[in-house]
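[1] Predicted model, plus sequence, below.
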Amino acid sequence: MFREQKRVQKEIWEKMALMITSALGLVAALAWNEAIQAAFRQYLSTTDALMGKFLYALIVTALAVTIAYYVGKLFGNANEPPKSAMG
């Protein structure tokens, strides 16, 4: 019983740490979003605001996909089955 309680307590703390880290990541992402938008407004002052937003979304999406790809390669993909040494 005591071991089960300790295991559950450890899991709760791990989940809380993950949520706090995720929240801080979201705050950082929102700050970068504001900075990038301000840079777009200053350097790419387009007359068509809608076109500027689409351009911004396209560039940010391409950047996010590229970074996610390389981070996945760096840390390995958790969804892939382990590769055997023979095949």
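    Nice, thanks for sending it over. Numbers count the residues shown, from 1 in each chain.

[2] Okay, helices next: where are they in this structure?
    2-43, 49-75 (DSSP state H).

[3] Any idea which of the ones you listed has the lowest pLDDT on average?
    Lowest mean pLDDT of those: helix 49-75, a mean of 85.

[4] Buried by neighbour count: which residues of that helix qualify?
    For helix 49-75, a neighbour-count test (16 or more other CB atoms under 10 Å) marks 52, 56 as buried. No exception for glycine: its C-beta is placed from N, CA and C like everyone else's.

[5] So which elements touch that helix?
    helix 2-43 (3 or more CB pairs under 8 Å, 6 or more residues apart in numbering; DSSP states H and E).

[6] how much does the helix it packs on deviate in direction from helix 49-75?
    Angle of helix 2-43 versus helix 49-75, following axes from the mean of the first three to the mean of the last three CA atoms, to 10 degrees, is 140 degrees.

[7] Can you spell out which helices and strands pack onto helix 2-43?
    With 3+ CB pairs under 8 Å, 6+ apart as the test, helix 2-43 has helix 49-75 packed against it.

[8] Now do the helix it packs on: distance to the chain's middle.
    Put simply, helix 49-75 sits 11 Å off its chain's centre (CA atoms, centre = their mean, to the nearest Å).

[9] change the start of the numbering to 340 and stick with it
    Okay, using 340 as the starting number, the last item reads as helix 388-414.

[10] Double-check residue 379 against residue 395; I have them as touching.
    Yes - if you go by CB atoms under 8 Å, residue 379 and residue 395 touch, sitting 5.2 Å apart.

[11] okay, now residue 382: neighbour count?
    7 (other CB atoms under 10 Å).

[12] Next: residue 380.
    Considering only other CB under 10 Å, residue 380 is surrounded by 13 other residues.

[13] wait, what's in contact with it?
    residue 391 (CB atoms under 8 Å, 6 or more residues apart in numbering).

[14] how much space between it and residue 396?
    14 Å (CB to CB, to the nearest Å).

[15] what do you get for residue 366?
    Taken as CB to CB, the span from residue 366 to residue 396 is 21 Å.
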